[in-house]
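> After the sequence you'll find the predicted model.
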Amino acid sequence: MKTLERLVIEAIDYNTKEVARIKALLDVNPYSAILELEHDTIEECKKLFQAGESAVATRLLDSAQLRKKELMEIVEQQKDTTGLISRMVDLEHELYDLYIEKARIDRQNERKRNSTT
């Protein structure tokens, strides 16, 4: 594979993954996830403490706290929603241009193969 073709393919791969990452980030509603997490954790911990399983309940609380921290990081990242959407649009425009360049390279390679046969 030629260098330009490899660079185009790598750029397409990177941009595609970055667009998917931004879409996934924007699809998450961290606030409702936090409320659900807290509700479920409280209910489960009540049962565990009543059953005398305080060590298990403590581990569950620790795990829930880590997940809540992850969700709060998503909240921070989502604060710049306009910037994320703008970045995604820019990446999609780049992808369009990259696919056109890839098609041009493919046609050029096809012409070379046909002229040598």
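In hand now; what should we look at?
> What's the per-residue pLDDT of the residue nearest the centre of the chain here?
Here the mean C-alpha position of the chain is nearest to the C-alpha of R21 (C-alpha atoms, centre = their mean), at a distance of 2.4 Å. Reading off the per-residue confidence, R21 sits at a pLDDT of 92.
> how close does it sit to L35?
In this structure, R21 and L35 are separated by 25 Å, where distance is defined by C-beta to C-beta, to the nearest Å. Any C-beta I mention is one placed from the backbone N, CA and C, and that applies to glycine too.
> For the helix or strand hosting R21, buried residues please.
With secondary structure defined by DSSP states H and E, R21 is part of helix 3-27. Buried residues in helix 3-27, defined by neighbour count with 16 or more other C-beta atoms under 10 Å: 8, 11-12, 15, 18-19, 22.
> So what's the gap between the longest helix anywhere in the chain and the chain middle?
When the chain is scanned for its longest helix (criterion: DSSP state H), the result is helix 81-116. On the basis of C-alpha atoms, centre = their mean, to the nearest Å, helix 81-116 is displaced by 21 Å from the centre of the chain it belongs to.
> buried residues in it?
84, 88, 91, 94-95, 98, 101-102, 105.
> And the furthest pair within those residues?
L84 and I105 (30.8 Å; C-beta to C-beta).
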